[in-house]
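Student: What follows is a predicted structure for the sequence shown.
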Amino acid sequence: MSAKPSLRQAQVISIFVAALLAGSAYVMHPMLNYAATPDRAMTAGATLTLILLAFTIRHAAYRVLSGQFLVSQCQPENGDVDKASLSLDAPTGIEREFHQLRQFLEILCRQLQNSAETGDKAAINLATDLLEIDKALSRSGRDMSALPNDTCSRISEQLADALTRIQFQDTVNQQITNVIQALERLDAYTAQVAAGIMHPESGITHSLKPASTLLDELYDSYISEQQRSIHDASIKRAAPSFADSRTELF
Amino acid sequence: MSTIMLVDDSATILLSISSILTKAGYTVEKAPNAEEALKKFNNGTRVDLLITDLNMPGMNGIELIREVRTLPSYKFMPILFLTTESQQARKMEAKAAGASGWIVKPATADELLNTIKLVLR
């Protein structure tokens, strides 16, 4: 068995994981800025969860990009990097790397899922609270006669505005779901590559679709122009122009 | 006042949009998915306008309106999409299926209410 194809496959996987993680971080970035803006309606807990998640993804992306992820798995306990153990030629080493890579992907998926659920609950609770405040305000209108004339209506307008802004949670949720699905596809692809390297006689490697197909599938799965333009910018491709009108009647 | 059927798999959107519509005086029928909405249509629920999400688990928004358009009572009912998607190809697909308009999320109360007024006129 030639060692070179194995190493190349591992490198392809590392680069693809890095690209996907970096892409995830970029996808999250504008949403997090939105969520973190002080005048946006979002509870502190959910915002913090999302920000921590973004840092985790960025850190992970950096580690994979810089090769630390694979290197650290091969580092002996005494702290010296053993050059021989850095080689991915030994089947057991490759198997361990792939196993840990898949664990890493699974953990990321679960963390993302958990963040989506936390954000959802926080947004629903916040919306419910705002509605209750609005109802209470309407009921106590007469008791607030000491306040300046338009105070009640201004508070009511601001509550309605806050309720409208809560819609961003749905966008965040859909994009997180999208990243989870992409990570699951990557996990399945990684498993195929691992099986191909571990059992070269099986011919799996030959039937493996090119990594570029994964990128195309990722592109096809997007649900907004924002996601597509981030993808296009990441791979330095000119984005197709689109009408930027938010409402359109047919 | 008109009755609006709101279909979205996001509980946050159902809560947020229905509160805007109720405050504006509309009666709101909510459905968390297309299948549930279709059941209500098949039961003959009076609906003057359908507002639906595009991407939902199970039946998507375009499939839903294709089904709704086959029901005689709702053949000419206005239908709006409220979605994060803004791809022209999807809009054309929705138009061909019988949609009356498209609103990109997140929508402001003004965007939403003005568009509703236009299609209900």
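Tutor: Sure thing, it's come through. Residues are numbered from 1 along each chain as shown, chains lettered A, B, ... in the order given.

Student: Any chance of the backbone angles for the nearest residue to B:V47 once chain neighbours are set aside?
Tutor: Closest residue to B:V47 apart from its sequence neighbours, by C-beta to C-beta, 6 or more residues apart in numbering or on different chains: B:M5 at 4.4 Å. Using the backbone N, CA and C atoms, a C-beta is placed for each residue, glycine as well. Backbone torsions for B:M5, taken as degrees, to the nearest 10, come to phi -90, psi 120.

Student: these two touch, right, B:M5 and B:K39?
Tutor: No - contact between B:M5 and B:K39 fails when scored by C-beta atoms under 8 Å: they sit 11.4 Å apart.

Student: Which one's more surrounded, those two?
Tutor: B:M5 (24 against 12; other C-beta atoms under 10 Å in any protein chain shown).

Student: how near is the residue nearest to A:A191 when sequence neighbours are not counted to A:R110?
Tutor: Spatial nearest neighbour of A:A191, chain neighbours left out: A:R102 (6.7 Å); criterion: C-beta to C-beta, 6+ apart. Going from A:R102 to A:R110 by C-beta to C-beta, to the nearest Å gives 13 Å.

Student: These two: who's more crowded?
Tutor: Between A:R102 and A:R110, counted using other C-beta under 10 Å, the more crowded position is A:R102 (16 against 11).

Student: In a helix, the more buried one, correct?
Tutor: Yes - under DSSP: H, G, I helix; E, B strand; the rest coil, A:R102 falls within a helix.

Student: I figured it hits A:Y189, correct?
Tutor: No - under the criterion of C-beta under 8 Å, A:R102 makes no contact with A:Y189, lying 10.6 Å away.

Student: neighbours around the residue in chain A that chain B sits nearest to, how many?
Tutor: Relative to chain B, the nearest point of chain A is A:Q167 (3.6 Å; C-beta to the nearest C-beta). If you count neighbours by other C-beta under 10 Å, A:Q167 ends up with 24.

Student: can you pull the contacts of it?
Tutor: For A:Q167, the contact set (C-beta atoms under 8 Å, 6 or more residues apart in numbering or on different chains) comprises B:T12, B:I13, B:S16, B:I17, B:K105, B:P106, B:A107.

Student: model confidence over stretch A:167-176, on average?
Tutor: If you average the pLDDT over stretch A:167-176, you get 84.

Student: would you put the C-alpha positions of that stretch in PDB?
Tutor: Below are the C-alpha coordinates for stretch A:167-176, written out as PDB (Å, rounded to 0.1, in the frame of the first residue of the first chain):
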ATOM      1  CA  GLN A 167     -38.000  37.400  14.000                       C
ATOM      2  CA  PHE A 168     -34.200  37.400  13.700                       C
ATOM      3  CA  GLN A 169     -34.200  34.300  15.900                       C
ATOM      4  CA  ASP A 170     -35.900  32.300  13.100                       C
ATOM      5  CA  THR A 171     -33.100  33.400  10.600                       C
ATOM      6  CA  VAL A 172     -30.400  32.400  13.100                       C
ATOM      7  CA  ASN A 173     -32.100  29.100  13.800                       C
ATOM      8  CA  GLN A 174     -32.400  28.200  10.100                       C
ATOM      9  CA  GLN A 175     -28.800  29.100   9.400                       C
ATOM     10  CA  ILE A 176     -27.600  27.000  12.400                       C
END
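
Student: partners of the residue nearest to B:V47 in the sheet?
Tutor: Beta-bridge partners recorded for B:M5 (DSSP bridges): B:E29, B:L50.

Student: Give the closest residue to A:A195 in space, chain neighbours not counted.
Tutor: Of all residues not flanking A:A195 in the chain, A:I204 sits nearest, at 5.2 Å (C-beta to C-beta, 6+ apart).

Student: thinking again about what came up before, what's the distance between the residue nearest to B:V47 and chain A?
Tutor: From B:M5 across to chain A, the span is 18 Å (C-beta to the nearest C-beta, to the nearest Å).

Student: Which helix or strand contains the closest residue to A:T128 other than its chain neighbours?
Tutor: Leaving out its chain neighbours, the residue that sits closest to A:T128 by C-beta to C-beta, 6+ apart is B:L15, at 7.0 Å. Using DSSP states H and E, B:L15 maps to helix B:11-23.

Student: buried set for the strand or helix carrying A:E157?
Tutor: Assigned by DSSP H and E, A:E157 falls within helix A:151-165. Neighbour-count burial for helix A:151-165, counted by 16 or more other C-beta atoms under 10 Å in any protein chain shown, picks out A:C152, A:S156, A:L159, A:A160, A:A162, A:L163, A:T164, A:R165.

Student: what's the answer for stretch A:110-124, then?
Tutor: Across stretch A:110-124, burial judged by 16+ other C-beta under 10 Å covers A:Q111, A:L112, A:S115, A:A116, A:T118, A:G119, A:D120, A:K121, A:A122, A:A123, A:I124.
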